[in-house]
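Enquirer: Model the structure of this input:
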Amino acid sequence: MIRSLAAFALLATTLPSAALALPDRWSSGFNQGILEYSVGPFGPEASNLILSCKGSELDIAVAIGGVAPPSNSLITYKVGRLTETIRVGKDGWARFRNAYREPQIQRLWAAFRSGATATVIYPGGASHAFPLRDSGKVMSASVCAP
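Expert: Residues are numbered from 1 along each chain as shown. As a prediction, this is how the structure comes out:
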């Protein structure tokens, strides 16, 4: 009986980690007041895209081959027919205080929820195509609504 309880406990703790590690599906999590949506694996050479909501604030982080975008650069996002260019700060993150009021972010959010692939392009041409599988199921309908 104790062995089966231990096995169940081990399985219960590893299943969520395995689900979050799927590189081709969007996942979400809530921790310390931050709702985070992400796709792609994490690691030194991984490519991933993270959307973090804290109230009405949105932070967007991306890595291509483990490399963040250059400081204060313009990053291009292509989803279907939509192309949006967003400036990142010194830390490589794009930050929006009232994301739900930003038409550009509303368009990008809707495209992420309904598209098939989001291609992120750095200055200089480095790019990565992120699958949007399950994003419509995982992401909220509204952008970081308060």
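Enquirer: how many other residues sit next to Leu51?
Expert: Leu51 has 26 neighbours, counted by other Cβ atoms under 10 Å. Any C-beta I mention is one placed from the backbone N, CA and C, and that applies to glycine too.
Enquirer: same thing with the one 4 residues further on?
Expert: By other Cβ under 10 Å, 15 other residues sit near Gly55.
Enquirer: thought it was touching Cys144?
Expert: Yes - with the criterion set as Cβ atoms under 8 Å, Gly55 and Cys144 qualify as a contacting pair; they are 7.0 Å apart.
Enquirer: Could I get the buried residue list for the helix or strand where His128 lies?
Expert: With the criterion set as DSSP states H and E, the secondary-structure element containing His128 is strand 127-131. Within strand 127-131, the residues that qualify as buried are 128, 130-131, counting by 16 or more other Cβ atoms under 10 Å.
Enquirer: show me what contacts the residue most central in space within the chain?
Expert: For the chain, Ile50 is the residue whose C-alpha lies nearest the centre (Cα atoms, centre = their mean; 2.6 Å). Ile50 makes contact with 36-38, 59-62, according to Cβ atoms under 8 Å, 6 or more residues apart in numbering.
Enquirer: Of those residues, grab the buried ones for ChimeraX.
Expert: Only the buried entries of these go into this ChimeraX selection, using 16+ other Cβ under 10 Å:
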select :36,37,38,59,60,61,62
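Enquirer: mind listing what's buried in stretch 69-84?
Expert: Residues of stretch 69-84 classed as buried under the neighbour-count rule (16+ other Cβ under 10 Å) are 69, 75, 77-79.
Enquirer: Fine by me, thanks again.
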